[in-house]
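Chemist: I'd like to go over a predicted model; first the sequence, then the structure.
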Amino acid sequence: MIVDSTAPLRKKSQSTYKNKVHQTALLQQDHAIDPLSWLQQQTEYPKFYWRSRDCQIEMSGAGTLRNFTSIASAQAFIAQQALIGIFPVLLGGEQFPVGTADNSADSPRAYLFLPKKMLLRRGDQMFFYGNADSGDLQRTLDNSTQAEQFSAEPLPELGPREDCPNRQDWCSLVSKVIDPVSLYRLPKVVLARRSRFQLTEPVDAYRLLRKWRESEGNTFPFMLQSSPADSFQGCTPERLYRRVNRSISTEALAGTLRRLNRGESEIRSDVKIRRENFHVQDFIENRLQPVCETVQIPSSADVVKLKCIQHLRKSITGVLKSHVDDSQLLKLLHPTPAVGGSPWPAAKEFIRHNEDFDRGWYAGAIGYMSARETDFSVAIRSARLTRETLDLFAGAGIVAGSEPLAEWLELESKLEGVLQLFPAPICCPEATNYSAPESFCDD
């Protein structure tokens, strides 16, 4: 049974975009639909999947009615629609705002789209958005109890690996950052590495994401698939911010410790980790104060535990001033020093002129955006998958006292969770006999 519902979203059950009537329907609980399985069945691109860290919100969208290549244009569209009582949800986000030195600085770094059809789960309620005249809704219901099951077969072995930068170049780059003269101008910069694996056979993006999200709890699983041969996906532990009307919640997720047999007390008491976390917390607080009526930061931090590592997190909440919108918030908060550096202008130029690959969506903001509610995650612990290659990304915050080889091993620890999903996981052959410090900086 389908029940037209307006109360949960407080919006009209129908809206019009480009003369296409869209229907919002509340699906009854006897229609058990897995949004990721549903997304795999769709034939139109782009495709998008995102789930909140607490698993209370989950969404999939496919096809596009409108595309936006700037946050400003997306914000203007949302504001215009709200004036007539329509509240669209845009999917996507903004890439890391730095290309390489030979990339055009003017190339678009944002991409959001209004999907043709979308499944949205809030708690135990599932909503369908789609063209009421196309039959999408009935097909969704017809297939709901026979959604395609993900294969339990193992992922294929990975082929040869190439790191950019390689270990020697990485160590030279870190040494350049920690030079006393350089540190005076740039106290911290987050350097990144791309590890490219050749594929021995194609890897199914949906099987990879399903295994990844089952293995790595306490994260935001996501996928942005532009074509059958190109997807960006991951399971990130970090939220950029969540806004519900004028309430905002964000976090300083910084400082890393391998789990091993180490408890929460060790990461809480580590001086280096506490200093790194405070650095990000201070940045966020300073950015939010001018645009918030109030900002609250608890006295104690909590610990985010992942499969192989754990992070120190300080939650930050506030009440926004009435004129503040998401385009302003993204400009203020993205990227934080946890993935960029400080001060940001100097870190941005260093990354642009010293990293030999474009981060693209890695460390970008990914999620959804609407008039009443927005939630963006930071796209770390992520991968780009094509038919021939799998690119895995990791980063490390370089500060005074950083050791080049220790920071290299930090990158390895951050890939460990996803590499364990593949048979005979390939670890770094260049750094197997080095005893690294247990605490690291940011991603």
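Modeler: That came through fine. Numbers count the residues shown, from 1 in each chain.
Chemist: ok, how many other residues are close to residue 244?
Modeler: Residue 244 has 11 neighbouring residues, counting by other C-beta atoms under 10 Å. The C-beta positions use only the backbone N, C-alpha and C, and glycine is treated the same way.
Chemist: ok, then the element right after the longest helix along the chain?
Modeler: For the chain, the helix that runs over the most residues, judged by DSSP state H, is helix 271-288. Once helix 271-288 ends, the next helix or strand along the chain (criterion: DSSP states H and E) is strand 292-296.
Chemist: for the closest residue to residue 92 other than its chain neighbours, give the beta-bridge partners.
Modeler: Nearest in space to residue 92, with sequence neighbours left out and distances taken as C-beta to C-beta, 6 or more residues apart in numbering, is residue 112 at 3.8 Å. When assigned by DSSP bridges, residue 112 has beta-bridge partners residue 68, residue 92.
Chemist: contact partners for residue 112?
Modeler: Residue 112 makes contacts with 67-68, 71, 74, 90-93, 369, as judged by C-beta atoms under 8 Å, 6 or more residues apart in numbering.
Chemist: can you tell me which of those residues are buried?
Modeler: Neighbour-count burial within the contacts of residue 112 applies to 68, 71, 74, 90-93, 369; the criterion is 16 or more other C-beta atoms under 10 Å.
Chemist: mind picking the two most distant members of these?
Modeler: With C-beta to C-beta as the measure, no two of these lie farther apart than 71 and 91, at 13.4 Å.
Chemist: the strand or helix carrying residue 195 pairs with which strands, parallel or anti?
Modeler: Under DSSP H and E, the secondary-structure element containing residue 195 is strand 188-199. Each strand that strand 188-199 pairs with, and the sense of that pairing, follows from DSSP bridges: strand 158-164 (antiparallel), strand 341-342 (antiparallel), strand 389-398 (antiparallel).
Chemist: present the ones you listed as CSV; the columns should include distance to residue 187 and mean neighbour count.
Modeler: Compiled in CSV, the strands paired with strand 188-199 are given as follows (distance: least, C-beta to C-beta, whole Å; neighbours: other C-beta atoms under 10 Å):
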stretch, distance to residue 187, mean neighbour count
strand 158-164, 25, 15
strand 341-342, 6, 24
strand 389-398, 10, 24
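Chemist: neighbours of residue 65, how many?
Modeler: A total of 15 residues lie near residue 65 under the criterion other C-beta under 10 Å.
Chemist: cool, and residue 124?
Modeler: Residue 124 has 7 neighbours, counted by other C-beta under 10 Å.
Chemist: any idea how far residue 33 is from it?
Modeler: Separation of residue 124 from residue 33 (C-beta to C-beta, to the nearest Å): 12 Å.
Chemist: how about residue 379?
Modeler: When C-beta to C-beta is applied, the distance between residue 379 and residue 33 equals 26 Å.
Chemist: could you pull up the mean pLDDT of stretch 236-250?
Modeler: Mean pLDDT, computed over stretch 236-250, is 97.
Chemist: try stretch 273-286
Modeler: On average, the pLDDT along stretch 273-286 is 86.
Chemist: follow-up on the earlier one: just want to know which of residue 379 and residue 33 has more residues nearby.
Modeler: When residue 379 and residue 33 are compared for neighbours, residue 379 comes out ahead with 30 against 19, by other C-beta under 10 Å.
Chemist: show me the contacts for the more buried one.
Modeler: Per C-beta under 8 Å, 6+ apart, neighbours of residue 379: 93, 222, 232, 234, 236, 361-366.
Chemist: any regions of this structure where pLDDT drops low?
Modeler: 1-32, 100-107, 131-152, 260-263, 269, 425-443 (pLDDT under 70).
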